[in-house]
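Asks: From the sequence below, what's the structure:
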Amino acid sequence: MKNKLVTCWNKLFQLVITIQLLIKANSEKRHSGMACSSKAYHSKLNSLFRCHLAYFPYYPGNHYKFGSLLWLIRLLAWPDLIYGCIKFASLTAVSSFKVAVVLGDFTWYMGSARFWYLIVCFLWTLIAHGVRTVCYISTINHRYQYWIKPMSILETTNDSKREKQFTHELCYPLPPLLIKSTFIALKSALAISYFTGWSVNIPILLFFPISCLPLTILNSINTGFHGFLAAAWEVNFSILFGFYFYYCGYRFNRLETIFLRSLKSRQSKYFETRFYERIKKKRFPSISSTNSFTLSLVQYEENILLLCKEIKKSRIFWDKTNNIIFMGTFLAETLLIYLIFFAKGVTSVMLYIMIWLGFLTIFYGQSINIIPGIYCQRQYNQCVATLFNYVSSGVPIPVDVKVKVLNTLDYLVDDKVLTVFWCLYASSWNYIKVQAEIAMLLLLLIANARS
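Replies: So this is what the prediction gives:
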């Protein structure tokens with residue numbers, strides 16, 4: 001009896017060990033498959049997202065190993081942004097040296113410019129917090145998730161290597177140099193912003209008492225981290241926004257080029273066939289001769305609609321982020337111009353840093369997110385104009401096709417591919433008006449300061 005129990009126990013133990021080995025092997029196979037898939041299809045973007053401490057679970061392969069250092073830093077990033085907002089808001093109301101030492105007030109030696117520069121820093125952290133909130137909403141609301149699908153163009157220029165799930169419509173390969181330059185710009189912005197954020201602490205590192213040095217060093221590292229997060233959630237999302245609308249403009253241009261090229265080739269075939277028919281003294285079939293032109297027209301119209309629908313879906317996410325960045329940098333740019341040219345008591349080191357930050361703010365907040373939109377709008381208008389000119393040129397088109405195209409044109413004409421706050425559309429004139437508004441706001445600020 002005892003031997004039988006021992007035998008049964010051994011068999012049961014072996015069965016448990018076998019099941020555990022099978023589960024482990026299956027798990028390793030699944031994880032290795034996921035890793036290979038992620039590496040094959042989404043390695044570039046996932047590497048970029050990890051550099052930004054971003055987590056988008058709806059994008060394959062974008063995950064962090066639980067308990068890793070990167071996972072811990074990502075966990076602390078959002079609370080640190082909230083802490084930065086509270087810190088800069090508190091320092092605007094408190095002028096105590098002890099508080100300045102504890103919180104690392106790098107504006108302590110800026111004199112009358114201190115208050116306004118703290119407001120600028122508060123705006124930067126608030127913008128980053130706002131964009132981070134929109135990204136978090138995108139993990140919950142599926143309507144905010146479409147923006148990432150066209151970004152798969154950054155992975156590779158070869159469609160056969162891209163997962164079918166994330167192959168977007170009208171995918172035209174971009175020059176590899178442009179994609180590499182985009183990645184270089186995105187990753188360089190992180191390093192430059194961290195160094196800039198740390199460098200604003202140089203005055204307090206030099207002039208605060210030696211006894212405060214450990215706390216000052218810790219605060220300078222944290223300020224550099226704030227600069228890193230500002231680049232991750234403001235500068236680089238603005239660059240991605242500009243890249244996407246440049247890519248849309250590029251595709252509108254390609255659509256028009258392909259359509260005109262197809263018309264030219266089919267027109268040459270049409271006249272060649274007609275000349276051949278005349279030689280043979282046969283009647284030319286008018287219906288079949290127009291079929292090839294109609295096919296090009298319908299395909300061109302459907303491709304424009306397809307790209308417009310993609311832009312509409314992507315704008316659900318991009319409009320929210322761009323509106324936050326645009327308004328925040330609009331105010332920050334005005335204050336920085338005032339501090340650079342008119343404020344007193346700013347040290348030379350801080351002046352050079354503020355000049356660099358002012359240039360960066362104009363670049364990512366008022367230029368890189370507007371100028372590609374202007375380019376996209378122009379290419380879109382050109383596409384619609386080409387469609388309208390062809391329909392109204394007198395070319396024989398079937399009635400049902402012509403009615404359908406005219407209805408589409410009624411929807412497409414005067415449509416805006418990009419608007420800021422749902423009223424300011426992307427155009428050169430509006431861009432000039434925005435800069436004029438900044439100048440007017442600056443004059444009001446100077447008049448208020450002198451009074």
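Asks: where does this protein dip in pLDDT?
Replies: 1-43, 156-169, 266-292, 448-451 (pLDDT under 70).
Asks: quick one, strands of it?
Replies: Ranges of strands within the chain are 419-420, 424-425, based on DSSP state E.
Asks: Can you give the distance of the last one from its chain's centre?
Replies: In terms of C-alpha atoms, centre = their mean, to the nearest Å, the centre of strand 424-425 is found 19 Å from the chain centre.
Asks: what lines up beside it in the sheet?
Replies: Strand 424-425 pairs in its sheet with strand 419-420 (antiparallel), by DSSP bridges.
Asks: thinking again about what came up before, could you dump the strands of the chain to CSV with mean neighbour count and distance to residue 367?
Replies: Bear in mind the C-beta positions are built from the backbone N, C-alpha and C, glycine included. As requested, those are arranged in CSV below (neighbours: other C-beta atoms under 10 Å; distance: least, C-beta to C-beta, whole Å):
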stretch, mean neighbour count, distance to residue 367
strand 419-420, 18, 13
strand 424-425, 17, 15
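Asks: In JSON lines, list these along with distance to residue 432.
Replies: Shown next, in JSON lines, are the strands of the chain (distance: least, C-beta to C-beta, whole Å):
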{"stretch": "strand 419-420", "distance to residue 432": "14"}
{"stretch": "strand 424-425", "distance to residue 432": "12"}
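Asks: Between the ones you listed, which one is closest to residue 381.
Replies: Nearest to residue 381 among the strands of the chain is strand 424-425; the distance by C-beta to C-beta comes to 11.3 Å.
Asks: what's the closest one in contact with?
Replies: 377, 416, 418-419, 430, 434 (C-beta atoms under 8 Å, 6 or more residues apart in numbering).
Asks: Need the buried ones from the residues you listed selected in PyMOL.
Replies: The PyMOL command for the buried members of the contacts of strand 424-425 (criterion: 16 or more other C-beta atoms under 10 Å) is given here:
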select buried, resi 377+418+419+430+434
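Asks: pretty sure residue 311 contacts residue 251?
Replies: No: counting by C-beta atoms under 8 Å, residue 311 does not reach residue 251; the two are 9.9 Å apart.
Asks: These two: who's more crowded?
Replies: Using other C-beta atoms under 10 Å as the criterion, residue 311 and residue 251 rank with residue 251 on top: 27 against 20.
Asks: How about the contacts made by the more buried one?
Replies: 170, 172, 307.
Asks: go on, residue 323?
Replies: 420-421.
Asks: how much space is there between it and residue 378?
Replies: For residue 323, the distance to residue 378 (C-beta to C-beta, to the nearest Å) stands at 22 Å.
Asks: and for stretch 121-128, what are the contacting residues?
Replies: 81, 84-85, 88-89, 92, 107, 226, 229-230, 232-234, 324-325, 328-329, 331-332, 335.
Asks: Inside helices: which ones of those residues?
Replies: Judged by DSSP state H, helices contain the following of the contacts of stretch 121-128: 81, 84-85, 88-89, 92, 226, 229-230, 324-325, 328-329, 331-332, 335.
Asks: wait, residue 230 sits on residue 192?
Replies: No: counting by C-beta under 8 Å, residue 230 stays clear of residue 192, with 11.2 Å between them.
Asks: between the two, which one's more packed in?
Replies: Using other C-beta under 10 Å, the more surrounded residue of residue 230 and residue 192 is residue 230, with 28 against 16.
Asks: which residues does that one contact?
Replies: 124-125, 127-128, 193, 197.
Asks: My guess is residue 355 contacts residue 340. True?
Replies: Yes: using C-beta under 8 Å, residue 355 is in contact with residue 340, at 5.8 Å.
Asks: Pull the contacting residues for the closest residue to residue 116 other than its chain neighbours.
Replies: Leaving aside its sequence neighbours, residue 116 sits nearest to residue 335 (C-beta to C-beta, 6 or more residues apart in numbering; 5.2 Å). By C-beta under 8 Å, 6+ apart, the contact list for residue 335 reads 116-117, 119-120, 123, 445.
Asks: which one of those is nearest residue 48?
Replies: Compare each of the contacts of residue 335 with residue 48 using C-beta to C-beta and the shortest gap goes to residue 123, at 25.4 Å.
Asks: Please name the nearest non-neighbouring residue to the closest one.
Replies: residue 332 is the one closest to residue 123 (C-beta to C-beta, 6+ apart), at 4.6 Å.
Asks: Now do the same contact list for the one you found.
Replies: So residue 332 contacts 120, 123-124, 361, 365 (C-beta under 8 Å, 6+ apart).
Asks: same check, this time on residue 137
Replies: residue 144.
Asks: what's the closest of the strands of the chain to residue 410?
Replies: Minimum separation from residue 410 across the strands of the chain (C-beta to C-beta) falls at strand 424-425, 18.8 Å.
Asks: can I get the contacts of residue 332 in TSV with distance to residue 243 and neighbour count?
Replies: Listed next are those as TSV, based on distance: C-beta to C-beta, whole Å; neighbours: other C-beta atoms under 10 Å:
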residue	distance to residue 243	neighbour count
120	26	23
123	24	21
124	22	29
361	19	27
365	16	25
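Asks: which pair in those residues spans the largest distance?
Replies: Longest span within the contacts of residue 332, C-beta to C-beta: 120 and 365, 11.9 Å.
Asks: Spit out the contact partners of residue 97.
Replies: Contact partners of residue 97, counting by C-beta under 8 Å, 6+ apart, are residue 108.
Asks: could you redo the last one with a cut-off of 10 Å?
Replies: 105, 108, 208-209, 212 (C-beta atoms under 10 Å, 6 or more residues apart in numbering).
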